[in-house]
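> only geometry, no sequence info:
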């Protein structure tokens, strides 16, 4: 099982890195999946990923708060909207366009409802009240 999780983690990490450069491929879910897989297979790769300068804070926020920072959510929603809009424009079949719009709306609602994690050093609004 460890080998399977290591393989899946490596594939997810590769797709996540590609997603940073390709507008159609998402980065965040693949990086989170790779962290989960490496957590079950390779302590060394998991530590490397969690301490990575680009992905570490994203993984830490998800693992500790099950949420994302507001700027990460906004950027992800914007890139999702651009990607899905391009896909809807390119697809000639009207029913496929409808399915794409429906998938986008479901994903956007899910991401919008994720908890917002305050930036490091910031106090959440609920914590300021006595």
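Yep, that arrived. All values reported here derive from a predicted model rather than from experimental measurement.

> hmm, who's touching stretch 1-17?
25, 27-31, 33-38, 40-42, 45, 49, 55 (C-beta atoms under 8 Å, 6 or more residues apart in numbering). From N, CA and C alone the C-beta is placed, and that goes for glycine too.

> do that again at 10 Å, thanks
For stretch 1-17, the surrounding residues in contact (C-beta atoms under 10 Å, 6 or more residues apart in numbering) are 22, 25-42, 45-46, 49, 54-55.

> can you tell me which of these are in helices?
28-41, 45-46, 49 (DSSP state H).

> Only the buried subset of those residues, as a ChimeraX command please.
In ChimeraX syntax, the buried subset of the ones in helices among the contacts of stretch 1-17 is picked out as below (16 or more other C-beta atoms under 10 Å):
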select :28,29,30,31,32,33,34,35,36,37,38,39,41,45,46,49
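
> so who does the residue nearest the centre of the chain touch?
With distances taken as C-alpha atoms, centre = their mean, the residue of the chain nearest its centroid is residue 28 (2.2 Å). If you count contacts by C-beta under 10 Å, 6+ apart, residue 28 has them with 16, 19-20, 55, 58-59, 62, 68, 72-73, 75-76, 79, 111.
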